[in-house]
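Colleague: With the sequence up front, the predicted model follows.
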Amino acid sequence: MLKEIDMNSLIETAKKAGEAVLEIYESDFKVNYKEDDSPLTKADMRSNEIICSFLEKKYPSIPIISEENREIPYEIRKNWEFLWLIDPLDGTKEFVNRNGDFTINIALIKNREPVLGIVYAPVSKELYYAKKGEGAFKNETPIPIPQLRDTFKVVVSRSHLNSETQKLIQELNSDKPVEIVSRGSSLKFCILAEGSADFYPRLGKTMEWDTAAGDAICRECGRKVLRYDDKKPLSYNKESLVNPYFIAY
């Protein structure tokens, strides 16, 4: 099944969703709020509609889990071999704040492992993607082996940096000066994958659709994305779609 997935059409779909998101981003949009107080805009829904419509037509046998779709009971999905994990607008807070650090995320999961990931940033037009065994790319160029530098660069969430994460950073045993970089959405995974950062700790709540695409890209670049407690890789399509705390390096 993985070999049958057409990356080019997936990438075009992510870009099409990004164009729709940008149209709303550049307008006087309205912000609503979900039950958990997280923001929701017309852009989230429009992007979700574009991506899910394409996937349902192109790959009708692969089920979809998306942040903006109704949650599917675990009893139904627990035996799925393949599924799509979609975040149609990752970084809605960044979208609302108009700082450009938001992305379109599309991931394919096989047996709880992310095996394909696309992260597209509509404002900067940065595109990251990977398929297991076929390499990882940024804007169609293979992501190179990172170069050594004089600082140990830690990337953290622009909107969700908490005291636990700050404490972990302070306790880092690095022989180089520690430099902090704040980014939004899955771009944190992407700059880690491309070697522009060395460490990404997330000691806070995330959902599977927040991490799956970036995780797939990092894995294909040889980066580790591990649960904080037992240092095992993140797994997907769990009974709870909430991720445990994790570190990536």
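Modeller: Received the coordinates, thanks.

Colleague: Packing partners of the longest helix along the chain?
Modeller: Longest helix of the chain, by residue count under DSSP state H: helix 7-25. Counting contacts by 3 or more CB pairs under 8 Å, 6 or more residues apart in numbering; DSSP states H and E, helix 7-25 is packed against helix 42-58, strand 103-110, strand 113-121, strand 126-131. Any C-beta I mention is one placed from the backbone N, CA and C, and that applies to glycine too.

Colleague: need the next SSE after it, C-terminal direction.
Modeller: strand 31-33 (DSSP states H and E).

Colleague: How far does that following strand sit from its chain's centre?
Modeller: Distance of strand 31-33 from the chain centroid (CA atoms, centre = their mean, to the nearest Å) equals 22 Å.

Colleague: For that strand, the averaged confidence score.
Modeller: For strand 31-33, the mean per-residue pLDDT is 84.

Colleague: Name the residues that touch it?
Modeller: Counting by CB atoms under 8 Å, 6 or more residues apart in numbering, the neighbours of strand 31-33 from elsewhere in the structure are Pro39, Leu40, Thr41, Val96.

Colleague: With stretch 184-191 instead?
Modeller: Contacts of stretch 184-191 (CB under 8 Å, 6+ apart): 87, 90-91, 93-94, 99, 101-103, 105, 119, 121, 126, 128, 138, 155-159, 181, 183, 197, 200, 210-211, 213-215, 217-218, 225, 248.

Colleague: Given the lowest-mean-pLDDT helix or strand in the chain, what are its sheet partners and their directions?
Modeller: The helix or strand of the chain with the poorest confidence is strand 39-41; it has a mean of 81 (mean pLDDT, DSSP states H and E). Partner strands and pairing direction for strand 39-41 (DSSP bridges) are strand 31-33 (antiparallel).

Colleague: List the buried residues in stretch 190-210.
Modeller: By neighbour count on 16 or more other CB atoms under 10 Å, the buried set for stretch 190-210 is 190-195, 197-203, 206-210.

Colleague: what's the answer for stretch 150-162, then?
Modeller: Under 16+ other CB under 10 Å, the buried positions of stretch 150-162 are Lys153, Val154, Val155, Val156, Ser157, Arg158, Leu161.

Colleague: With stretch 82-100 instead?
Modeller: Per 16+ other CB under 10 Å, stretch 82-100 contains these buried residues: 82-96, 100.

Colleague: Could you pull up the contacting residues of Met207?
Modeller: By CB under 8 Å, 6+ apart, the neighbours of Met207 are Glu67, Asp87, Leu241, Val242, Asn243.

Colleague: can you rerun that using 6 Å?
Modeller: Neighbour list for Met207: Leu241 [criterion: CB atoms under 6 Å, 6 or more residues apart in numbering].

Colleague: For stretch 230-241, measure first residue to last.
Modeller: 18 Å (CA to CA, to the nearest Å).
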